[in-house]
Each structure stands twice: as structure tokens, then as C-alpha cells.
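**Q** sequence first, then the predicted structure, then my questions.
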Amino acid sequence: YETDEDTGKEQVSKTRWISKASYVDGAGRIKVVFTSDVIKYVTRLESEFTSYQLEKVGNMTSAYAVRIYELLAQHREIGNRTLNMAWLRETLQIAPDEYKLTTNFIRKVIEVAVEQINKHSDLTVSYKPVKTGRAITDFAFKIKEKGTKGKTAGSPSDQAYRDKLEAAGQQRIPDPVTDDQEEF
């Protein structure tokens, strides 16, 4: 969100992330140039955005699970977070005609995400639907950290996991701490 200079009210702006992308033929490399709008956020990544290790989401098969993990990990220290269903649908980019029935949304999105987060991540989460009148409008999540030791990006186990993915045929995933940043 940004503040409109004329009215002082919050405004939502959407922008492209990349102004140019080039593929280096035969080198298996892509060069990306970010827009100036994105650069101001990239330079603040460490201080203002949630970060996590790849191994915490690498085994999740649902893109919704990964995104919900990110949303819940922001509140891991608080221990709970309530997400509005309409906002969550928009954030997950779920089309209005997809999972129209709330029961389908819960079964295909929420329950799958909770199951995968609990199985594959450093968090244990649970949820309760919150009703306004007779309709479910929100989901109240409880968030607990599993008893994992705090590791930092670039730790040996993180690198070992990257090597494991690469050996399994995944493309090399650059380590933001140790890899040369100029190529991106």
C-alpha cells in the first residue's frame, strides 16, 4: 500500500517486477533487470520482509501451501493470525469461479496447506473458520514453531539441500548469501 499524495488515502498500486529478461544461449543463464519500483523493495528485503530457508517449503507440492506458509511465518512470534477469506483468495490469485463453495475452498486450499505446512515446515499450524452471521468470512490460525535449531541462510544443511535438489534434476538455485549477485 502507498499513500496518495493528493488525497492522503491509501492506494493499491500494481507494477511489473522486471523491465528486461535475457537468456544467455548455451550457458543456461537468465539475466534479469528489475524495475526501479521493485529495486527499492529488494534493497530492504532483509529488514522488512519475511525470509525462510528453501528446505522449509521445498517439499510442499501446493503453491497455496507455500504462500500460506509465508503469510503465517510473518506472525510466528505472535502465535496467531486471522486471514479474511476474500483477501486470501485475492492474495492466492484464486479466480472468482474457482472453489466457489466455501467447503471446496477449505478442502482444496486451506486443509491441503495446513497439512503440508505441518508435515514439511518448521511450523505447526491449526485453523478455525470464523463466521459472520452464517457465512465463513475469516480463518483464525494458531502458529507454533517446531523445536528446530535456528539455522542461517547458507548453512551446511541448506547447501546440502540445494545440492540434493540439483542432483535430482532441479535447476541450480542460487544461494542469496554466498552466490555472486551480479548475475541476477
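**A** Right, received. Where do you want to start? Please read all numbers here as calculations on a predicted model, not as lab measurements.

**Q** least trustworthy helix or strand in this structure by mean pLDDT?
**A** helix 45-48 (a mean of 55; mean pLDDT, DSSP states H and E).

**Q** can you report how many residues neighbour Met85?
**A** For Met85, the neighbour count with other C-beta atoms under 10 Å is 19. To be clear about C-beta, it is placed using only N, CA and C from the backbone, and glycine gets the same treatment.

**Q** ok, and the closest non-adjacent residue to it?
**A** In space, and not counting its chain neighbours, Met85 is closest to Thr137: 5.7 Å by C-beta to C-beta, 6 or more residues apart in numbering.

**Q** so how far is Thr82 from that neighbour?
**A** Distance from Thr137 to Thr82, counting by C-beta to C-beta, to the nearest Å: 10 Å.

**Q** need the overlap of contacts for the two.
**A** Overlap of the contact sets of Thr137 and Thr82 (by C-beta atoms under 8 Å, 6 or more residues apart in numbering) consists of Val130.

**Q** does the residue nearest to Met85 really touch Leu83, like I thought?
**A** No. If you go by C-beta atoms under 8 Å, Thr137 and Leu83 don't touch, sitting 10.3 Å apart.

**Q** looking at those two, which one has more neighbours?
**A** A direct count of neighbours by other C-beta under 10 Å for Thr137 and Leu83 places Leu83 higher, at 19 against 14.

**Q** thought Lys20 was touching Val33?
**A** Yes. If you go by C-beta under 8 Å, Lys20 and Val33 touch, sitting 4.1 Å apart.

**Q** these two: which is more packed in?
**A** Val33 (12 against 9).

**Q** which neighbours in the sheet does the one helix or strand the more buried one maps to have, and how are they oriented?
**A** Element membership for Val33, per DSSP states H and E: strand 29-34. Using DSSP bridges, the strands paired with strand 29-34 are strand 18-24 (antiparallel).

**Q** now the strand it pairs with: mean pLDDT?
**A** Taken as a whole, strand 18-24 carries a mean pLDDT of 89.

**Q** what comes up buried for that strand?
**A** Buried residues in strand 18-24, counted by 16 or more other C-beta atoms under 10 Å: none are found.

**Q** ok, and what's touching it?
**A** Arg29, Ile30, Lys31, Val32, Val33, Phe34, Thr35, Val38.

**Q** what pairs with the fourth one across the strands?
**A** What it means is Val32. Ala21.

**Q** state the distance from it to Val38.
**A** Following C-beta to C-beta, the distance that separates Val32 from Val38 is 10 Å.
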